[in-house]
Each structure stands twice: as C-alpha cells, then as structure tokens.
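In: Here you go, sequence then predicted model.
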Amino acid sequence: MAGHDWAIDGLPDEYQQHLRAYVKDVQRVYGDALEGLLLYGSAARGEFLPGRSNLNIVLVVKSTQVDQLKKYGALHRRWAKEQIVVPLFVTLADLPAMSLVFPLEYLELQEYHRLLAGQDPFVGFKVDQRHLLAEVLQSLRGNLLRVRQRFIEGGGAEEAITILLPLSLTAALPALRGVQRLVGRPVLSQGEPLLADLEALLSIDLSGLRDAWLLKRGQISPGQKEIPRLMERYLESFERLVQSVEARLMQGQA
C-alpha cells in the first residue's frame, strides 16, 4: 500500500487529518483485499467547503461480496459524521463495463481524483466515450425535469429552494464538463469559470445558474422575497441551457 505522504490542496488541515486516519482504518479492516483508495469530487477539484461538502471515496477491492460490504458498516458509523460518505465499491474487473455505461462519471473520476492508498486503477485506463453524448443529454434533461418536480414537492418554500438549487447545480456540473469534452473545448474543473465558458460557447445568459453557484458557496444569502425570483431565474437559465446544448450537440445526429 502507498504511504501517507499525500496532501490535498485546498483541503483544511482538520479534514486532511481525518482522511489520513480514515485511510488507516480502511487498510486495517480490508488488509490485502484493498487494492486502491481514491478521493474524488469537490475535495479533489479544490472546491471543498467545510460544513457543506462531502468527502467522496472510491474503494477498489478484490471482492464486492456481501461479507466484504458488511465490513464497512463500522467504518461508516465512525466516519459519516466527518462528512465521509459511503464509498463506491468497485473491482478492477468492473471498470471497463462501468466506463461504457457511465462514461461521464468515469471521465470525471479519471480526471479529478487523488490516490490515497494502493494502486491507481485509472493509470493507462481509457474511458470509452461512445455513449458520452447520450449521457450528457440525458443528465441535463433529467435534471431539469427533477427540478420542476422538487420545486412543487417543496411547496415553493424558502428552505426547500435554498436546498434544491445547489443540489441541482452540483448534479449539472459534470454534464457541463461533458459538453466541453464533446465540442473539443478545454475541460474546466472549477464551477465559476465553467459556467462562464458555457455562456460564451452557447451565447446565452446563465445568470440564474451563477446565482445558484454563489448560493452553494455561501456567498449570497437571499431573503424571503428574493428566493422565489432566484428560483424563477434558475429555471429560466436551466431551460435555456438545456435547449441550447441539445440544439448544439444534436446537429447532424438526426
């Protein structure tokens, strides 16, 4: 197994210490059955927000049988309170098929991760992008449909909207990087420049999404009167985005 000589840029020292202790715990529980332990998501991209972001983990293991999964129960009870969510459990044999089915997610994993222990399964691994277009379009359109549903479920309440918008935007960002990949633009890991690049590429106003980004980062605290307008602007921007992406990417597909 790899040593503990890594450091994660932009991650507060407190969480670095949690991760180091967590890695030791996982190695103790899984021993030689653990082949790799990787950090991905906001912490790997340098966008981790204490108290807001989670620490996302992939465990590459020799077996995903029930007895091996059950071993993680005690680890989850110990580390969930430190914002470490239940990992993705995969084997090396899983990767080719999963990258074919989920090319968007696996490109994100491949490009934005940090190896914390063991071997990196993505070294020399090529993600099959044949189905990337379909997944990007499905992800964005599905997100839009869910936002409409969740807004109604929340009854338009201020608290519900302030939770919904950051969650929706977070889910959309990988698909937006997928758009950059499909059109041959440099892929931007950070949310704010990514939105600006999509505005320039598609010649559209995404101010509603940028507001959601500021809300997600805790940089704005809209009041009760402003929240409904924020939701309206977000939906308008998101609908404009989905329509523009579909028009741009589906040219020549018919």
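Out: All right, it came through fine.
In: dump the residue contacts of Leu230.
Out: Contacts for Leu230 (C-beta atoms under 8 Å, 6 or more residues apart in numbering) come out as 161, 165, 208, 211-212, 215, 222. Any C-beta I mention is one placed from the backbone N, CA and C, and that applies to glycine too.
In: Need the three-state assignment for it.
Out: With DSSP: H, G, I helix; E, B strand; the rest coil as the basis, Leu230 sits in helix.
In: Distance check, it against Gln119.
Out: Here the distance between Leu230 and Gln119 works out to 45 Å (C-beta to C-beta, to the nearest Å).
In: Repeat that for Leu164.
Out: From Leu164 across to Gln119, the span is 39 Å (C-beta to C-beta).
In: who has more neighbours, the two?
Out: Set side by side, Leu164 and Gln119 show more neighbours around Leu164, with 20 against 14, by other C-beta atoms under 10 Å.
In: Next one: the more buried one from Arg150, what distance?
Out: Note on Leu164: its distance to Arg150, by C-beta to C-beta, is 5 Å.
In: just Tyr106 next, same as before
Out: In terms of C-beta to C-beta, Tyr106 sits 27 Å off from Arg150.
In: what about those two, which has more around it?
Out: Neighbour count, other C-beta under 10 Å: between Tyr106 and Arg150, Tyr106 has more, with 21 against 16.
In: Does Leu37 lie in a helix or a strand, and which?
Out: Element membership for Leu37 (DSSP states H and E) is strand 34-40.
In: what does that strand rub up against?
Out: Strand 34-40 is contacted from outside by 1, 8, 19, 23, 26-27, 55-62, 92, 108-109, 112-121, using C-beta under 8 Å, 6+ apart.
In: List only buried entries from those residues.
Out: With burial judged by 16 or more other C-beta atoms under 10 Å, the buried subset of these is 1, 8, 19, 23, 26-27, 55-61, 108-109, 112-118, 121.
In: Leaving out chain neighbours, which residue sits closest to Arg141?
Out: Distances taken as C-beta to C-beta, 6 or more residues apart in numbering put Val242 closest to Arg141, at 5.9 Å, once the chain neighbours are dropped.
In: Over to that neighbour: give its phi and psi.
Out: Note on Val242: backbone dihedrals following degrees, to the nearest 10 are phi -60, psi -40.
In: Might one say that Ala43 is in contact with Ile57?
Out: No - Ala43 is beyond contact range of Ile57, at 9.8 Å (criterion: C-beta atoms under 8 Å).
In: Let me know how buried His187 is, in neighbour terms.
Out: Rather than His, residue 187 is Val. Burial of Val187 is recorded as 16 neighbouring residues (other C-beta under 10 Å).
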